[in-house]
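# only geometry, no sequence info:
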């Protein structure tokens with residue numbers, strides 16, 4: 001046991017490089033972008049990965065947008081652990097522009113603190129997600 005202590009003492013203490021808020025935010029955006037770019041059920045390794053298809057939300061029941069948000073919150077909790085306490089809310093502009101818009105809120109941990117983050121995400125009729 002003393003040999004292990006000697007080795008541990010002789011090694012210089014290495015500190016992990018500090019991650020900046022900008023780096024964490026960029027990594028979080030990349031993780032969310034990957035999740036949102038995958039339709040749930042299309043990944044052979046994990047059929048739960050991804051988000052539900054939003055193409056029929058406007059043609060379905062009135063609360064379909066809210067249901068999609070709740071399902072997406074669960075997916076964020078499971079697949080994007082960097083985002084703490086995620087909340088997804090659906091919002092409209094009051095116009096019939098066929099763009100599905102959500103707000104993603106939560107927090108990231110940095111240096112023992114939790115920093116709030118929020119992103120707007122939308123998908124247009126061409127099925128192109130924009131997150132940022």
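Structure received. Every value quoted in this text rests on a predicted model; they were computed, and no experiment measured them.

# any weak-confidence spans in the chain?
Applying pLDDT under 70 to the chain flags the ranges 1-18, 56-62, 93-97, 125-132.

# Strands of that one, residue ranges please.
For the chain, the strands defined by DSSP state E cover 84-91, 100-110, 113-123, 129-131.

# partners of the second one in the sheet?
The reference is to strand 100-110. Sheet pairing for strand 100-110, assigned by DSSP bridges, gives strand 84-91 (antiparallel), strand 113-123 (antiparallel).

# I'd like the strands of the chain as CSV, with distance to residue 65 and mean neighbour count appended.
Yep, even glycine has a C-beta here, placed from its N, CA and C like the rest. Below are the strands of the chain laid out as CSV (distance: least, CB to CB, whole Å; neighbours: other CB atoms under 10 Å):
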stretch, distance to residue 65, mean neighbour count
strand 84-91, 4, 16
strand 100-110, 7, 18
strand 113-123, 12, 14
strand 129-131, 15, 15
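
# And these: which comes nearest residue 24?
strand 100-110 (5.0 Å; CB to CB).

# Which residue would you name as the spatial centre of this structure?
residue 32 (3.5 Å; CA atoms, centre = their mean).

# Perfect, I'm done here.
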